[in-house]
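*Asks:* whatever this is, show me its structure:
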Amino acid sequence: MKHNKRTGFTLVEIMIVVLIIDILLAIAVPNFIKARQNSRLQTLIGNLKQIETGKEQWAMEFGKVGTDVPAQADLTPTYMKNWPTGPVAGTYLPLAVNVNPTFIGKDADAWRADPSGL
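*Replies:* You can find the predicted model right below:
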């Protein structure tokens, strides 16, 4: 008895597998990019809260008023271990004691346009 059975995948089977992989990638990649952007934003928020807390401690210890502006050297290393660096290029500004600190750099729209964040 002779068996003439071929082994392997047909072209249609391979195309179906590639199509399924493409669909999964189309769903997964945007979610990964969004998660990356959200983690950067949360890092920025955490750094700004750290600066705000350091400013408040500095103001209480030295009896500063709301319009006084601490320098970076006033806050580090006493109230903050080191000055935060952002997840993207930019600068943190402490501003006055009664004003929330800010970050000058790329905003969320720029991250959407350039997911690399550089």
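*Asks:* where do the strands sit along the protein?
*Replies:* Taking DSSP state E, the strands of the chain run over residues 90-93, 102-105.
*Asks:* in a markdown table: these, plus mean pLDDT, mean neighbour count and distance to Gln57.
*Replies:* The C-beta positions use only the backbone N, C-alpha and C, and glycine is treated the same way. Output for the strands of the chain, formatted as a markdown table (pLDDT from 0 to 100; neighbours: other C-beta atoms under 10 Å; distance: least, C-beta to C-beta, whole Å):
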| stretch | mean pLDDT | mean neighbour count | distance to Gln57 |
| --- | --- | --- | --- |
| strand 90-93 | 83 | 15 | 17 |
| strand 102-105 | 79 | 14 | 19 |
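*Asks:* make JSON lines out of the ones you listed and add distance to Val69.
*Replies:* As requested, these are exported to JSON lines (distance: least, C-beta to C-beta, whole Å):
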{"stretch": "strand 90-93", "distance to Val69": "9"}
{"stretch": "strand 102-105", "distance to Val69": "12"}
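*Asks:* tell me which of the ones you listed lies nearest to Pro70.
*Replies:* strand 90-93 (10.9 Å; C-beta to C-beta).
*Asks:* ok, Pro101 - how many residues close by?
*Replies:* 19 (other C-beta atoms under 10 Å).
*Asks:* and Pro87, by the same measure?
*Replies:* 19.
*Asks:* now do the contacts for it.
*Replies:* 39-40, 43-44, 117 (C-beta atoms under 8 Å, 6 or more residues apart in numbering).
*Asks:* just the pLDDT for Leu118.
*Replies:* pLDDT for Leu118: 40.
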